[in-house]
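K.L.:
got a structure for you, letters missing:
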Ligand code: GLN
């Protein structure tokens with residue numbers, strides 16, 4: 001079968017996910033989309049088998065990113081594995097905010113709950129003077145993040161730490177995080193693809209979804225070297241609550257930023273050292 005024919009056949013079969021047809025074909029054949037048009041060729045039997053293995057898994061609901069083991073984020077390639085959440089386009093809004101803020105300044109950045117590493121690694125790639133540390137609670141997750149750092153040619157540090165139990169060592173100027181933020185009870189009512197394939201630990205934000213924001217806001221003053229900047233991804237309906245929470249921990253200049261769909265998606269704020277406010 002010629003590539004053009006296969007392409008239309010797959011688009012039909014993939015229905016709502018028709019746009020994934022080209023992604024699957026390029027992954028298996030190594031051809032680019034330009035090749036499809038300029039240098040079309042027959043698909044070999046072996047390729048056909050491989051393509052249909054992928055399509056069948058896809059049709060049973062498995063996310064394509066897990067089947068192919070990779071995805072794109074901020075124009076970079078990232079390995080994904082079952083231990084980590086698939087990087088989302090929404091999260092690019094968070095990364096862009098931090099990149100805007102840091103520019104070429106020398107800043108120490110801590111990415112809390114780094115998962116695949118997509119946030120910290122994109123920042124390290126685009127802000128040449130940033131010194132980025134990726135934090136997560138398990139070695140398996142940090143392994144994935146380090147593979148991604150290598151794949152993208154950036155040097156980053158890692159810290160294994162469960163921030164709910166312990167305050168991480170070191171001092172930083174910027175904290176960035178896309179923590180789990182879904183209310184425990186809501187997780188099972190999500191699009192079941194998300195809850196059956198993605199790691200629950202990456203989604204569960206406790207009874208009110210705010211557990212990690214609360215904890216990070218509380219320990220931020222111990223992580224910053226006096227003062228610092230914080231940037232969180234949030235759920236579309238968490239803007240007011242997280243604003244209050246940050247203010248109650250002494251943050252100022254709280255700003256919300258919307259994603260491409262117009263929903264609140266990112267919150268940023270500053271913490272300034274207040275010499276009259278330090279009890280010890
Ligand atoms: N920080 C990672 C990401 O943005 C993981 C987020 C998470 O596990 N909740 O993809």
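P.N.:
Received, thanks. Every value quoted in this text rests on a predicted model; they were computed, and no experiment measured them.
K.L.:
tell me the centre residue of the protein?
P.N.:
Central residue of the chain (CA atoms, centre = their mean): residue 87, 3.9 Å from the mean position.
K.L.:
Surely it touches residue 73?
P.N.:
Yes - here residue 87 reaches residue 73: they are 3.9 Å apart, a contact under CB atoms under 8 Å. Any C-beta I mention is one placed from the backbone N, CA and C, and that applies to glycine too.
K.L.:
Can you check which residues contact both of those two?
P.N.:
The contact sets of residue 87 and residue 73 overlap at residue 118 (CB atoms under 8 Å, 6 or more residues apart in numbering).
K.L.:
Excluding chain neighbours, what is closest to the residue in the stretch 51-200 of the chain positioned nearest to the ligand?
P.N.:
Closest to the ligand within the stretch 51-200 of the chain is residue 115: 2.8 Å, counting by CB to the nearest ligand atom. Spatially, and ignoring its direct neighbours in sequence, residue 115 is nearest to residue 84 (4.2 Å; CB to CB, 6 or more residues apart in numbering).
K.L.:
what secondary structure does residue 105 sit in?
P.N.:
coil (DSSP: H, G, I helix; E, B strand; the rest coil).
K.L.:
ok, now which ones touch it?
P.N.:
Applying CB under 8 Å, 6+ apart, we find residue 105 in contact with 127, 129, 130.
K.L.:
from those, which is closest to residue 218?
P.N.:
residue 130 (24.7 Å; CB to CB).
K.L.:
ok, the closest one to residue 207 distance?
P.N.:
35 Å (CB to CB, to the nearest Å).
K.L.:
repeat for residue 263
P.N.:
22 Å.
K.L.:
the more surrounded of these two?
P.N.:
A direct count of neighbours by other CB atoms under 10 Å for residue 263 and residue 207 places residue 263 higher, at 14 against 10.
K.L.:
Just to check, residue 90 is in contact with residue 235?
P.N.:
No - using CB under 8 Å, residue 90 is not in contact with residue 235, being 10.3 Å away.
K.L.:
which other helices and strands contact whichever strand or helix holds residue 121?
P.N.:
Taking DSSP states H and E as the criterion, residue 121 maps to helix 118-126. Here helix 118-126 touches strand 76-79, helix 91-102, strand 107-112, strand 130-136, helix 139-151, strand 172-177, going by 3 or more CB pairs under 8 Å, 6 or more residues apart in numbering; DSSP states H and E.
K.L.:
Quick one: name the residues of the stretch 51-200 of the chain near the ligand.
P.N.:
The stretch 51-200 of the chain comes close to the ligand at residues 85, 87, 91, 113, 114, 115, 116, 118, 119, 178, 179, 180, as judged by CB under 6 Å from any ligand atom.
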